[in-house]
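**Student:** attaching a predicted model along with its sequence, questions to come.
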Amino acid sequence: MTTQEIYELAVKIGIKADLRGAKGVKKYLDRTKVKYEKMDKEAKAEFDKEKLTNPYSDTRILVSGNKKEIKKVMVGVDMEGAEMLLAKHFNSDLVIAHHPEGKALADLHSVMDLQAQVLADYGVPINIAESVIKPRISEVSRGVSPINHNRAVDAAKLLKLDFICTHTVADNLGARFLYDLLKKKKCDTVGDVLEMLKEIPEFKEAVKNNAGPTLFTGSPENSCGKVVVTEFTGGTSGSKEIYEKMAQAGIGTIIGMHMGEEHRKQAEKYHLNVVIAGHMASDSLGMNLFLDELEKKGVEVIPVSGLIRVKRFKNK
Ligand SMILES: [Fe+2]
Ligand SMILES: [Fe+2]
């Protein structure tokens, strides 16, 4: 496979797994196209045209053209200078980071619209979900602006390594996996939700490292009510104003990857149970589902930087 083919495959399966559904994603891309067509010449020249076909601003090719055929990839949750040197040491052709780097990091906030639609699909009125997320998107945009975005990209260029990041596409795969599992399992209590998570190999492994699923609010005996996977994909944490609206929409339990203290307090105030699956294990789950597709096509994967590699297919 080429780097371009690996990137295109990531976007394709990210769309397929998207909680908004293929129709929801198409609507989003159509709106982007309409916005683009209305732009003047200067705005059009500055516009990132990848956005017309890839709805995930945090998933991009960062360096390409160093290798024609990608045989070996080094993959991790955060890929910085040290990991680039490791990739070179192990003769990798391509480096895949989960967390965004370079221009994908600088534009991380653009993918957060997804969160409003996911919340709307779970019953929060779309006007409320959108108006609550909007100021948070601006906040994240300002928050990422001072970061040294290209640090790892520069290292990859010097070492002649191709480099891509696959953030929301992988988080979508993880979210979809849990969404489908919840439909099958029928949990009654918060404890059931925790047990369900702990049966997944990535989380089982994380438990051994003291980083497994934990309860941030609520108790295992609580009825879980309606369980939603809302803090798993869509860039980064949403607005802490949303918990009141979620409670009003009839949501009982949230499954998330990680949660800050301010968000936790708000969720608790509105009587929501919060099950935090664990950051590295959750990111690993999504990345693994994508990496399986690469390995099936004969690409060798070397996991590093927090990635708990679990394969879900048997080699022929
Ligand atoms: Fe993630
Ligand atoms: Fe993450």
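**Tutor:** That came through, no problem. Ligands and ions are numbered 1, 2, ... in the order given.
**Student:** helix, strand or coil for whichever residue of the stretch 101-250 of the chain sits closest to ligand 1?
**Tutor:** Per Cβ to the ion, Asp171 is where the stretch 101-250 of the chain lies closest to ligand 1, at 4.3 Å. C-beta: built from backbone N, CA, C; applies to glycine. Following DSSP: H, G, I helix; E, B strand; the rest coil, Asp171 is assigned to helix.
**Student:** and Phe313, by the same measure?
**Tutor:** coil.
**Student:** now do the buried residues in stretch 285-301.
**Tutor:** 285-295, 299, 301 (16 or more other Cβ atoms under 10 Å).
**Student:** how about it and ligand 1, touching?
**Tutor:** No: residues of stretch 285-301 contacting ligand 1 under Cβ under 5 Å from the ion: none, with a closest distance of 6.2 Å.
**Student:** and the average pLDDT for that stretch is what?
**Tutor:** Averaging pLDDT along stretch 285-301 yields 97.
**Student:** contacts for that stretch next, please.
**Tutor:** Stretch 285-301 is contacted from outside by 1, 6, 9-10, 13, 17, 70-73, 75, 77, 96, 98, 166, 169-175, 177, 200, 202-203, 233, 307-313, 315, using Cβ atoms under 8 Å, 6 or more residues apart in numbering.
**Student:** now it - C-alpha only, CSV.
**Tutor:** The C-alpha trace of stretch 285-301 is given here as CSV (Å, rounded to 0.1, in the frame of the first residue of the first chain):
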residue,chain,number,x,y,z
LEU,A,285,-9.2,0.0,20.7
GLY,A,286,-10.0,2.4,17.8
MET,A,287,-6.5,2.3,16.4
ASN,A,288,-6.5,-1.5,16.6
LEU,A,289,-9.6,-1.8,14.5
PHE,A,290,-7.9,0.3,11.8
LEU,A,291,-4.6,-1.5,12.1
ASP,A,292,-6.2,-4.8,11.5
GLU,A,293,-7.2,-3.6,8.1
LEU,A,294,-3.6,-2.7,7.3
GLU,A,295,-2.2,-6.0,8.5
LYS,A,296,-4.8,-7.9,6.4
LYS,A,297,-3.2,-6.1,3.5
GLY,A,298,0.3,-7.3,4.4
VAL,A,299,1.6,-4.2,6.3
GLU,A,300,3.7,-4.9,9.3
VAL,A,301,2.7,-3.0,12.4
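**Student:** which residues in this protein form strands?
**Tutor:** Remark: strands assigned in the chain by DSSP state E are 59-63, 72-76, 94-97, 162-166, 214-217, 226-231, 251-256, 273-276, 300-304.
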